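> Provide a 3D model corresponding to the input given below.
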Amino acid sequence: MKPVVVENLTVAYQKKPVLSNVSFEVPEGKLIGIIGPNGAGKSTLIKAILGLIPKAAGEIKIYDKKYRAKDRVVGYVPQRGSVDWDFPTNALDVVLMGRYGHVGWFKRPGKKDTEIAMECLKKVGMEEYASRQISQLSGGQQQRVFLARALAQDAKVYFMDEPFVGVDAATERAIIELLNELKRQGKTVLVVHHDLQTVKEYFDHVILLNVNTVAAGATEEVFTLENLHRTYGGKLSFLEKDQLVVEQK
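This next block holds a predicted model:
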């Protein structure tokens with residue numbers, strides 16, 4: 001069974017297609033980059049897979065089953081800009097939210113859950129900030145807390161929406177180390193990503209998206225100049241060999 005299979009997915013806003021007949025499947029235990037220009041539908045794709053927005057057509061399966069929000073098989077890290085960071089809660093409580101799929105929404109997390117949450121904070125270098133209000137954390141620290149929450153879910157498939165945006169170099173290194181650790185554990189991780197320079201370094205598999213699926217497969221086979229031109233069109237510029245710049249308009 002494939003971790004994620006998407007067949008002919010179409011999502012429309014006010015009758016205008018944002019995604020049109022998108023199809024792909026991903027292998028288990030790999031890091032998968034979702035790559036494409038602004039407005040390509042990358043975040044929409046993740047939200048549609050998770051049932052956060054309605055689809056107009058198509059089929060989505062997680063391990064050969066229709067995904068349900070209460071399933072513990074999936075972990076999600078949203079875009080940092082979409083979160084209300086002024087909500088009055090501390091870092092530990094945010095991470096403990098990742099345990100509700102295991103304890104149930106109407107039960108309080110126990111000692112074991114707190115220990116797991118603290119261990120997840122430690123893995124992202126945030127254990128000393130456990131009692132800090134999330135509004136008092138830097139952007140990179142907030143992102144690490146959300147990654148710790150995803151770890152606490154102990155999922156099989158993770159979806160991460162631009163986890164590297166707005167973080168410093170140290171946090172980016174910490175995040176990619178964490179993603180590789182998840183891969184070593186046999187987890188499957190799909191990441192919306194915008195930096196073309198690091199795609200070959202970070203990902204085993206890529207999905208090139210621009211409303212439609214341009215290409216999907218192993219990075220060495222799919223991440224080609226021809227496919228990038230098809231994905232970005234005239235927005236793709238070249239500085240020198242193997243170095244790319246995307247001019248977003």
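> Only C-alpha atoms from now on, for both contacts and neighbour counts.
Noted.
> Could you list everything the residue positioned nearest the centre of the chain pairs with in the sheet?
Taking C-alpha atoms, centre = their mean, the centroid of the chain lies closest to residue 160, which sits 1.3 Å from it. Following DSSP bridges, residue 160 is listed with bridge partners residue 77, residue 191.
> Mind pulling up the pLDDT for it?
Residue 160 carries a pLDDT score of 93 in this model.
> Hmm, it is touching residue 76, no?
Yes. Using C-alpha atoms under 8 Å, residue 160 makes contact with residue 76 at a distance of 5.9 Å.
> tell me which residues in stretch 47-59 are buried?
For stretch 47-59, burial by neighbour count (16 or more other C-alpha atoms under 10 Å) applies to 47, 48, 49, 50, 55.
> next one: stretch 113-123
Buried-residue list, stretch 113-123, by 16+ other C-alpha under 10 Å: 113, 114, 116, 117, 118, 119, 120, 121, 123.
> Would you list the phi and psi of the second one?
Same thing as residue 114. phi -60, psi -40 (degrees, to the nearest 10).
> What is the burial count for the nearest residue to it once chain neighbours are set aside?
The spatially closest residue to residue 114, leaving aside those adjacent along the chain, is residue 96, at 6.8 Å (C-alpha to C-alpha, 6 or more residues apart in numbering). Neighbour count of residue 96, defined by other C-alpha atoms under 10 Å: 24.
> In terms of pLDDT, where does residue 96 sit?
pLDDT, residue 96: 89.
> and it, how far is that from residue 170?
The gap separating residue 96 from residue 170 is 25 Å, by C-alpha to C-alpha, to the nearest Å.
> From residue 57, how far off is the closest residue to residue 73 other than its chain neighbours?
Residue nearest to residue 73 in three dimensions, not counting chain neighbours: residue 155, with 4.6 Å by C-alpha to C-alpha, 6+ apart. The gap separating residue 155 from residue 57 is 27 Å, by C-alpha to C-alpha.
> and what of residue 153?
Taken as C-alpha to C-alpha, the span from residue 153 to residue 57 is 29 Å.
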